[in-house]
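Visitor: Model the structure of this input:
(one chain, ligands or ions: 1)
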Amino acid sequence: MKVEVSDCMSGLVEGKNALVLGVASERSIAWAIARRLAQEGANLALTYQNERLEKNVRPLAESLPGTLLLPCDVSDDVQVANLAQELQTRWGKLDILVHSVAFAKKEELSGRYVDTSREGFRIAMDVSVFSLVALCKSLEPLMGEGSSVLTLTYLGSERVVPNYNVMGVAKAALEASVRYLASDLGPKGIRVNAISAGPINTLAARAIAGFTTMLQRVREVAPLRRNTEAEEVADAALFLLSDLARGVTGEVLYVDSGYHVMGMV
Ligand code: NAD
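Guide: Modelled structure (predicted):
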């Protein structure tokens, strides 16, 4: 009998309080992580960016009984502060923070990086990088020994990927932030890590010009000769967010069918 890994209940995060930001649709990487955490017995809080996306996220949240649903546009300091206040009132402590949020204007995700606008650069860095710093600062009082923070990054931080442009530069800053945050929060026992996922067909990914070519290239040359599934990212996330990874912080873990090890691609 074939046992699906995702059918197993390990109890790794049983009873832990987990905040997941970044669910926009059922294809979102954040949604795969949220489902995995719920399946493993975590108490969940999901956020939505705005009223338009609330329509998508509310039914998903309702499909996981007991899930809190809260608003949070991460570019708004007041909303970030309100989120922390709400979790302080409801839970009092936070064990898991998943930051699966990024944004760049569509016009910045095609053509040449050298043509990036000042405003486009600012927005990409603010939403995709500073938001992690702001959330860690606001939620630090709720976190402590054994708490774990996870963000999502991509190989475009280290290599030039056509059209990824300012988002590659933002991901480089995000990965550096993971290291600085790990150093700042480590003395309190709070770990901070990232997963570098291979391309997955989501709303955010579809904004990148030529995205289907990226998917095809991975299938052709990655050691595993296939694309990454959101569920594979969620399984790795479960490891990093659980005590199994209690000795791991400041790390970037690749879940990309091995694509990043290849040289002549
Ligand atoms: P997605 O579109 O499902 O998720 C992106 C999320 O960012 C959405 O939920 C959106 O609401 C949120 N967001 C954007 N601006 C926001 C704001 N101002 N306030 C609050 N939330 C905001 O796409 P995804 O692919 O699941 O992206 C999740 C993360 O994974 C991103 O950091 C992305 O860069 C990263 N990632 C994606 C891939 C991929 O190929 N899909 C690969 C590697 C890394």
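
Visitor: what about residue 70, distance to the ligand?
Guide: Residue 70 sits 11 Å away from the ligand when distances are taken as Cβ to the nearest ligand atom, to the nearest Å. (C-beta placed from N, C-alpha, C; glycine too.)

Visitor: Looks to me like that residue is in a strand.
Guide: Yes - secondary structure assignment (DSSP: H, G, I helix; E, B strand; the rest coil) places residue 70 inside a strand.

Visitor: Now do the contacts for it.
Guide: Contacts were defined as Cβ atoms under 8 Å, 6 or more residues apart in numbering; by that measure residue 70 touches 45, 46, 47, 48, 83, 86, 87.

Visitor: does it have beta-bridge partners, and which?
Guide: According to DSSP bridges, residue 47 are recorded as the beta-bridge partners of residue 70.

Visitor: about what we covered before: what's the farthest-apart pair in the contacts of residue 70?
Guide: Maximum pairwise distance among these (Cβ to Cβ): 15.2 Å, between 48 and 87.

Visitor: Get me the contact residues on the stretch 1-150 of the chain for the ligand.
Guide: Counting by Cβ under 6 Å from any ligand atom, the residues of the stretch 1-150 of the chain lying close to the ligand are 22-25, 28-30, 49, 53, 72-75, 100-103, 127.

Visitor: Keep only those of these that are in helices.
Guide: Among these, the members falling in helices are 29, 30, 53 (criterion: DSSP state H).

Visitor: quick one: which of these is nearest residue 138?
Guide: residue 30 (18.5 Å).

Visitor: Output the below-cut-off pLDDT ranges for the protein.
Guide: 1-8 (pLDDT under 70).

Visitor: try 90
Guide: Counting by pLDDT under 90, the low-confidence segments of the chain come to 1-11, 264-265.

Visitor: And the residue nearest the centre of it?
Guide: In the chain, the C-alpha closest to the average C-alpha coordinate belongs to residue 100, at a distance of 2.5 Å (Cα atoms, centre = their mean).

Visitor: mind listing what that one touches?
Guide: Applying Cβ under 8 Å, 6+ apart, one finds that residue 100 lies in contact with 20, 21, 22, 23, 28, 29, 30, 33, 151, 152.

Visitor: and the longest helix along the chain, what does it pack onto?
Guide: Within the chain, and with DSSP H defining each element, the longest helix by residue count is helix 165-185. Judged by 3 or more Cβ pairs under 8 Å, 6 or more residues apart in numbering; DSSP states H and E, helix 165-185 is in contact with helix 118-125, helix 131-139, strand 148-153, strand 191-197.
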